[in-house]
Structures are given as C-alpha cells and as structure tokens.
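>>> here is a sequence together with a model predicted from it:
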Amino acid sequence: GAVVSQHPSWVICKSGTSVKIECRSLDFQATTMFWYRQFPKQSLMLMATSNEGSKATYEQGVEKDKFLINHASLTLSTLTVTSAHPEDSSFYICSARDRAHYTEAFFGQGTRLTVV
Amino acid sequence: KQEVTQIPAALSVPEGENLVLNCSFTDSAIYNLQWFRQDPGKGLTSLLLIQSSQREQTSGRLNASLDKSSGRSTLYIAASQPGDSATYLCAVYMNRDDKIIFGKGTRLHILP
C-alpha cells in the first residue's frame, strides 16, 4: 500500500505556544486528507477534511481558528494547534486518500502532543 | 448521521480460543468497511478492507464479513494468541462525503 508519513511522532510544548504537525503522502497524490484526534482510551474523532487548494471543512465543535489546516499541495497537509492548552494534549492522526487510484485511505503514524 | 458501534467494548479470553468482534453501523450507504488494530500509544495497522460489493475478506487467522443491508460486520479471529492483544477498530467509509467514521473499538486481551 501507499505510505503516509506524519511528523513529528511526539512533541511537548508550553501552554500558549503553537505546534505544527505535518502529514505527507510519499508515493501518491492525496486529493483528500483528514485529521483525527484521539483521547486516551477513546476512538478516533474526525476533526476536519481538506481538499488540495481549498479550505478545510471542520466537524461540529472543532474550532477552525484554533486548529489551522493547510493543504497546499497534493502531498502535504499541515495541522497547526494555535495557543495550545493542556486540554489539547492528545494523539493526532492524519489520513490521506486518492480515491481515483486506491480503494482505501492510508494513515500516518500519529503525533502525541503534550502541552505543559 | 452515521454511528458506528462496536461490541463488546472489552474482551479477555484464554489463548487458543476463537473469537468474534462485532461492528454495526446505522447508515448502510457505505463505500468500504475496514478493520484496524491499534497497540497502546501507537498508530493504526490495517487488517482487512471490505468493499461494499464484497461479503468477506480473509487474511491468515482473520476473517471479516460484511452484511451491508443489516448494517453489520464481524471480525473473526481464529486460534487467538497473546500477540493479538490490542484494540480493534471498525471504520466505515461514507459514500457521499468521503468521511471515515470509527467505532470506539474493542479492547482485546488474550491470556497466556
């Protein structure tokens, strides 16, 4: 299958700072990318869907000004957590799809964010 | 709104037993259904993907079935091993908006 690389795998930041997480499709072009958040012992909750070159569509309850998503190219999407607070500490996972060529979506390895 | 439910939430069984994990979904207009494994603190490992036109998929000791009309899927694990201990997630791909909706998972513990 195709590969999605997510970076960093873990990050610790101070409260009030911003953190950027990158998601790259290494060997395919991702027409759609998804960002998920997973709290301990909970399932993956979809935060937003983004298509290359257009604004992301956020799920209800997700603050678009706090979680900035950029999908500037067919191989890269970024999630920036702005003014992070301890309650933003979570596991963030990206997913990428190229529905024209692949039946399934491919997932990054996840990023463990800890805000202190 | 699509809702995905997994039963049981947790399961502990002795090594060697065959077991079944259940997944149900409320909206049958799905594109695919996929089973994942997640180890603690780790990302997702894809196990089996079933397209909506298919009834089942098999890989080694794993077999997944799909009954789209009734909104159900099962993951069958044969001859369970301690290494199978993990959380198993069911995910459905929606047709209309490409969203992938996850269930809350089944935490499986295989006792040596």
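Noted; the coordinates are in hand. Numbering: from 1, shown residues only, chains lettered A, B, ... in the order given.

>>> mind listing what B:Gly43 touches?
A:Ile93, A:Phe107, A:Gly108, A:Gln109, A:Gly110 (Cβ atoms under 8 Å, 6 or more residues apart in numbering or on different chains). The C-beta positions use only the backbone N, C-alpha and C, and glycine is treated the same way.

>>> how much space separates it from B:Arg37?
10 Å (Cβ to Cβ, to the nearest Å).

>>> can you check B:Asn22 too?
Shown here: B:Asn22 relative to B:Arg37, a distance of 16 Å by Cβ to Cβ.

>>> those two: which is more packed in?
Neighbours were counted for B:Asn22 and for B:Arg37 using other Cβ atoms under 10 Å in any protein chain shown; B:Arg37 has more, 19 against 15.

>>> do the helix or strand containing A:Thr80 and chain B meet?
For A:Thr80, the element it lies in under DSSP states H and E is strand A:76-81. No. Strand A:76-81 is not in contact with chain B by Cβ under 8 Å from any Cβ of the partner chain; minimum separation 14.5 Å.

>>> which parts of that strand are buried?
Judged by neighbour count using 16 or more other Cβ atoms under 10 Å in any protein chain shown, the buried positions of strand A:76-81 are A:Leu76, A:Ser77, A:Thr78, A:Leu79, A:Val81.

>>> any weak-confidence spans in chain A?
For chain A, applying pLDDT under 70 flags the ranges A:1.

>>> what's the answer for chain B, then?
Chain B contains residues with pLDDT under 70 at B:96-97.

>>> I am finished for the moment; much appreciated.
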